[in-house]
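Engineer: from the sequence below, what's the structure:
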Amino acid sequence: MDLIGTIRFQMQRSHERVQQCIADLSAEEARRSPLPRLSPVVWQVGHLTFYDAHYTERAGLAHAVPAIPADYERLFKAGTGGPAEYPPIDQVWKVFDRTNTALMRIAEGTDLARPIDGQLYKDVGGMLIFACVHRTYHIGKVATLRALLDKPVLFGPPRPT
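Structural biologist: Okay, here's the model as predicted:
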């Protein structure tokens with residue numbers, strides 16, 4: 001598999017994993033923080049959405065995805081989290097789904113070697129790889145939150161009862 005194929009595969013799999021993680025959560029469960037210092041599931045998905053939209057801007061293709069809601073920066077940028085009036089998880093998912101589509105288009109139609117000035121990546125390909133790593137990190141957080149909410153384990157062996 002070539003680099004574009006690898007990036008597209010990882011982006012698609014991480015998108016599916018996020019969907020799998022939230023499929024059986026109620027809106028209330030997605031907003032609940034099982035421990036005071038943890039940001040809830042809806043924040044995790046909103047945070048990914050906010051930064052995926054940011055990546056489309058970095059790639060110069062912000063026009064490729066409809067604008068995210070104006071309050072997403074206030075709610076979901078790094079350093080936020082905790083109790084807040086978050087939108088329902090199904091609405092956040094719809095925006096995440098759109099940003100994923102835009103990133104998939106970038107992965108297939110943009111020169112991955114095109115330079116981007118940044119600290120975490122130096123080109124479009126590096127940015128997309130970072131987006132996959134970022135998603136995986138937050139999928140792990142959602143999996144932990146699910147366990148704390150006493151939801152079924154989705155990845156790996158089942159928990160002993």
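
Engineer: which residues does P87 contact?
Structural biologist: By C-beta atoms under 8 Å, 6 or more residues apart in numbering, the residues touching P87 are 42, 46, 69, 71, 75. Bear in mind the C-beta positions are built from the backbone N, C-alpha and C, glycine included.

Engineer: how does it look with 7 Å?
Structural biologist: Contact partners of P87, counting by C-beta atoms under 7 Å, 6 or more residues apart in numbering, are absent.

Engineer: for it, give its distance to A67.
Structural biologist: Remark: distance between P87 and A67 (C-beta to C-beta, to the nearest Å) = 15 Å.

Engineer: the residue nearest to Y86 when sequence neighbours are not counted: which element?
Structural biologist: Using C-beta to C-beta, 6 or more residues apart in numbering and skipping residues adjacent in sequence, the residue nearest Y86 is V42, 4.5 Å away. V42 is located in helix 41-58, with elements delineated by DSSP states H and E.

Engineer: now do the buried residues in that helix.
Structural biologist: 41-56, 58 (16 or more other C-beta atoms under 10 Å).

Engineer: so, low pLDDT: which residues of the protein?
Structural biologist: 1, 62, 64, 158-161 (pLDDT under 70).

Engineer: can you give me the helices for it?
Structural biologist: Listed in chain order, the helices found in the chain under DSSP state H are 3-22, 27-31, 41-58, 72-76, 89-109, 124-148.

Engineer: just say which of those helices is most tucked in.
Structural biologist: Comparing those by mean neighbour count (mean count of other C-beta atoms under 10 Å), helix 41-58 ranks first with a mean of 24.

Engineer: now that helix and helix 3-22, what's the angle there?
Structural biologist: 160 degrees (axes from the mean of the first three to the mean of the last three C-alpha atoms, to 10 degrees).
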